[in-house]
Structures are given as C-alpha cells and as structure tokens.
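Visitor: model the structure of this input:
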Amino acid sequence: MEAISATAKIESYHAHVYYSGAAERAAAGSLREALQQRFAVALGNWHDQPIGPHPLPMYQVSFAIREFARVVPWLMLNHDGLSILVHPNTDDGYRDHAEHALWIGAQRKLRFDVLRELLGQ
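Guide: Below you'll find the predicted structure:
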C-alpha cells in the first residue's frame with residue numbers, strides 16, 4: 001500500500017453525536033452545551049430522525065484541525081455512553097466516513113448506499 005500524507009489533505013473534522021430516546025437526547029444536549037462552552041466548534045442542527053448515511057438521530061459538530069487534539073480526547077472521556085463518529089473532511093466524502101473515521105462509544109452501521117447516492121458515486 002502506498003503511504004500518503006493524509007494530514008495535508010484534511011481540511012477540518014466532523015463529529016456526529018448519535019442518540020436514541022429521550023434520555024440519550026438529554027445527554028446529547030448536555031454534551032452539546034459543554035462542547036460549545038469549551039471549544040471553538042460549530043454546532044449543526046438537531047436531526048431527530050435518521051438523515052443521509054446516519055442510522056440514528058444525531059447532530060454534527062464541526063471543528064478545525066487545530067482543535068482535534070483538544071476535542072477528541074475530551075469526547076473520549078465525556079461521551080456519557082453516546083456513540084460518536086469522528087471523521088476528517090477531505091476531497092473524498094465516502095472514504096472519510098467509511099475508511100478514515102473513528103468511533104467513540106459503540107460503533108453504528110452507517111448506510112453507505114445512501115452516502116454513495118448523495119455523493120453521486
């Protein structure tokens with residue numbers, strides 16, 4: 001396999017915070033407030049129904065490369081049992097979700113067929 005410098009191609013990161021049911025939505029809300037207070041992040045809308053390739057309700061957290069070393073370790077210790085998908089944003093959205101992602105908490109099965117359709121692949 002050819003080694004590439006993926007770091008040079010990463011433009012930013014997304015974290016998708018998944019929840020199911022009222023208790024997890026409340027935990028996701030607390031996590032959201034803490035993220036907003038502690039870090040330079042942009043918070044996406046709540047999606048109370050699965051959307052795109054995401055199998056559960058979720059919201060997205062966007063953050064710059066410089067925030068990765070602060071945000072991700074904090075999420076590892078403070079995810080409160082929630083599943084969180086963290087992925088880079090490069091010029092290959094499919095690989096970002098399917099191959100370059102990491103999971104905090106339980107891994108969920110993404111709907112890659114939907115993602116391919118959205119990306120026109």
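
Visitor: in what helix or strand does E117 lie?
Guide: Take DSSP states H and E as the rule and E117 turns out to sit in helix 112-119.

Visitor: elements contacting the lengthiest helix in the chain?
Guide: Across the chain, the longest stretch assigned as helix under DSSP state H is helix 21-38. Where contact means 3 or more Cβ pairs under 8 Å, 6 or more residues apart in numbering; DSSP states H and E, helix 21-38 is packed against strand 12-18, strand 41-43, strand 58-63, helix 68-78. (Glycine included, C-beta is placed from N, CA and C.)

Visitor: just the CA trace of it, in PDB.
Guide: Only the C-alpha atoms of helix 21-38 are listed here, as PDB (Å, rounded to 0.1, in the frame of the first residue of the first chain):
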ATOM      1  CA  GLY A  21     -34.800   8.100  23.000                       C
ATOM      2  CA  ALA A  22     -35.400  10.900  25.500                       C
ATOM      3  CA  ALA A  23     -32.600  10.100  28.000                       C
ATOM      4  CA  GLU A  24     -29.900   9.900  25.300                       C
ATOM      5  CA  ARG A  25     -31.200  13.100  23.700                       C
ATOM      6  CA  ALA A  26     -30.900  14.800  27.000                       C
ATOM      7  CA  ALA A  27     -27.300  13.500  27.400                       C
ATOM      8  CA  ALA A  28     -26.600  14.700  23.800                       C
ATOM      9  CA  GLY A  29     -27.900  18.100  24.800                       C
ATOM     10  CA  SER A  30     -25.700  18.300  27.800                       C
ATOM     11  CA  LEU A  31     -22.700  17.300  25.700                       C
ATOM     12  CA  ARG A  32     -23.600  19.900  23.100                       C
ATOM     13  CA  GLU A  33     -23.700  22.700  25.700                       C
ATOM     14  CA  ALA A  34     -20.300  21.600  27.100                       C
ATOM     15  CA  LEU A  35     -18.700  21.400  23.600                       C
ATOM     16  CA  GLN A  36     -20.000  24.900  22.800                       C
ATOM     17  CA  GLN A  37     -18.600  26.300  26.100                       C
ATOM     18  CA  ARG A  38     -15.200  24.700  25.900                       C
END
